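Novice: Generate a structure from the sequence data that follows.
(chains A and B)
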2 protein chains.
Amino acid sequence: METNTQLTVAQCWTALREGVVGRVAVLQGQGPDIFPVNYAVDHGTVVFRTGTGTLFTSSDGTFVAFEVDGYDTERGEAWSVVARGFAHEVYELDDALEAMRLPLYPWHDGPKPRIMRIHPDSVTGRRFAVRGGHRTGRPITDVRT
Amino acid sequence: METNTQLTVAQCWTALREGVVGRVAVLQGQGPDIFPVNYAVDHGTVVFRTGTGTLFTSSDGTFVAFEVDGYDTERGEAWSVVARGFAHEVYELDDALEAMRLPLYPWHDGPKPRIMRIHPDSVTGRRFAVRGGHRTGRPITDVRT
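Specialist: Coordinates of the predicted model:
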């Protein structure tokens, strides 16, 4: 049976709050680019840390998309949540984040970490059966060496 | 210790071939958008199936980014591979794919599936230590109900 269920906004935020790793899509050069980030949800915004490289320069002050997803091997269902909105560098939050011990460990570490905050204009999500399931039966995050 | 190692192109393709689920970033409306897809690698291209919705209309003939990533809980290392290039609908490949039994099951199922092919201009990847690891110790693809 195929299912493709739209998640409620509340369900989307629950998934976002429980997540650890997401992906930020930005415009860069010829078109979109994607960067995995460790993130945290903070009062209806998505906060992530990055270095001073491409992700920083291409996300500060621009409209971005942020995505988290997962797969339920037992139910054969996948889900995905996308938050879209403008991202801005946050200056005053750094100390607060340290105090809160939000685990904003950057996937791409740099010498001068920046804290970015996305204010979503829209948050949408879906849950859907994946016909046929996995190619190999291994989890999505299977380790490669 | 922090590590941030660039993968070779060969390592990137190995990771792409072993993957099952990736994410396509396209331009749509105000800016980037992200869609998870089930995909397969076919002769140096990335092939995925979609319906006739937003992902199809915003990827056909345009420059897109495609990303796969994963996390090695034992080594505390994450990796990410991004392929960027133009995507085009493929007409004649459908029967061939059926014959090859490529597992192109769409995450977003639609009544008229389309086969899309990305010809990457660039394929880049990194492996890096994630400082502090997971917030909860659970795998990235942990199931939410």
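
Novice: Strands along chain A, start to end?
Specialist: A:4-6, A:21-28, A:31-42, A:45-50, A:63-72, A:77-90, A:114-129 (DSSP state E).

Novice: so which of those strands gets nearest B:Gly44?
Specialist: The stretch from those with the least distance to B:Gly44 (CB to CB) is strand A:31-42; that distance is 19.4 Å. Yep, even glycine has a C-beta here, placed from its N, CA and C like the rest.

Novice: Can I get the strands of chain A in a markdown table including mean neighbour count?
Specialist: Shown next, in a markdown table, are these (neighbours: other CB atoms under 10 Å in any protein chain shown):
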| stretch | mean neighbour count |
| --- | --- |
| strand A:4-6 | 13 |
| strand A:21-28 | 24 |
| strand A:31-42 | 24 |
| strand A:45-50 | 24 |
| strand A:63-72 | 24 |
| strand A:77-90 | 22 |
| strand A:114-129 | 19 |
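
Novice: Throw those into CSV and include distance to chain B and mean pLDDT, thanks.
Specialist: Putting the strands of chain A into CSV (distance: least, CB to the nearest CB, whole Å; pLDDT from 0 to 100) gives the following:
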stretch, distance to chain B, mean pLDDT
strand A:4-6, 6, 85
strand A:21-28, 4, 94
strand A:31-42, 3, 92
strand A:45-50, 10, 89
strand A:63-72, 3, 91
strand A:77-90, 5, 92
strand A:114-129, 6, 91
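
Novice: now those strands as CSV including distance to B:Ile118?
Specialist: Formatted as CSV, the strands of chain A follow (distance: least, CB to CB, whole Å):
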stretch, distance to B:Ile118
strand A:4-6, 23
strand A:21-28, 15
strand A:31-42, 11
strand A:45-50, 25
strand A:63-72, 18
strand A:77-90, 19
strand A:114-129, 22
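
Novice: Please name the bridge partners of the most centrally placed residue in chain A.
Specialist: Centroid check for chain A by CA atoms, centre = their mean gives A:Gly22 as the closest residue, at 2.6 Å. Judged by DSSP bridges, the bridge partners of A:Gly22 are A:Val37.
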